[in-house]
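J.: model this:
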Amino acid sequence: MIVVSDTSPIMNLAVIDQLNLLEKLYQKVFIPEAVFHELLTTLPESAAGRVIPKTLWLEKRIVANQSLVDSLILELDLGEAEAIVLAMEMKSDLLLLDERRARQVSSRLGLKFIGLLGILVEAKQKGYIGAVKPIIDDLMVKAGFWVGNRLYTRILREVKE
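T.: Now for the predicted structure:
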């Protein structure tokens, strides 16, 4: 399975020490250069220096179609644009991203994607975590990850918590 990720899922899971879920679920995750640089500059220094360069299952790739990236950055940030283009170039099975606009562009381009909450649902269904609620709560408190009340309730209902 070929999986490409934007910054958000990796960054937020790293902040709450749950990054290993991505390896358990997908074995290998590809990221474009822009996402790698965003992770190194956005994550707390201890997490970025300690986790990202040593994460062997996280593989950095260079995006070839720079003109498509240039057109997408009219709507998206550089990391999102590169992740979408890399997913297209690699013919990925799945793209990990959270931002609404990036999801709309991905959908328009025919890419299959999942967000961080969907990743947690999948991790519980596969038995990698016992409960979703404490992880979502950690994401909201420690990482500042925003989840609306309706979505929070819907996700917890879906996983029977």
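J.: identify the residue nearest Ala81 in space, chain neighbours excluded?
T.: Excluding the flanking residues, the one nearest Ala81 by CB to CB, 6 or more residues apart in numbering is Leu72, at 3.7 Å. The C-beta positions use only the backbone N, C-alpha and C, and glycine is treated the same way.
J.: which other helices and strands does the longest helix anywhere in the chain contact?
T.: Here the longest helix in the chain is taken by residue count, with DSSP state H as the criterion, and it is helix 78-89. With contacts defined as 3 or more CB pairs under 8 Å, 6 or more residues apart in numbering; DSSP states H and E, helix 78-89 has these neighbours: strand 3-5, helix 7-15, strand 29-32, helix 33-42, helix 66-72, strand 94-96, helix 100-108.
J.: returning to that earlier point: please look at the residue nearest to Ala81 and Ile84 and confirm they touch.
T.: Yes. Between Leu72 and Ile84 there is a contact under CB atoms under 8 Å: 6.2 Å.
J.: which residues do the two both contact?
T.: When contacts are counted by CB atoms under 8 Å, 6 or more residues apart in numbering, the set common to Leu72 and Ile84 consists of Val105.
J.: sorry, back to before: who's in contact with the longest helix of the chain?
T.: Contacts made with helix 78-89 from outside it, assessed by CB under 8 Å, 6+ apart, are listed as 4-7, 30-35, 38, 61, 63-65, 68-69, 72-73, 76, 92, 95, 97, 99, 101-102, 105-106, 109, 111.
J.: among the residues you listed, which ones are buried?
T.: Buried positions within the contacts of helix 78-89, assessed by neighbour count (16 or more other CB atoms under 10 Å), are 4-7, 30-32, 34-35, 38, 61, 63, 68-69, 72, 76, 92, 95, 97, 99, 102, 105-106, 111.
J.: what sits against Tyr128?
T.: Under the criterion of CB under 8 Å, 6+ apart, the neighbours of Tyr128 are 21, 24-25.
J.: and the residues you listed, which of them are in helices?
T.: When the contacts of Tyr128 are checked against helices using DSSP H, the ones located there are 21, 24-25.
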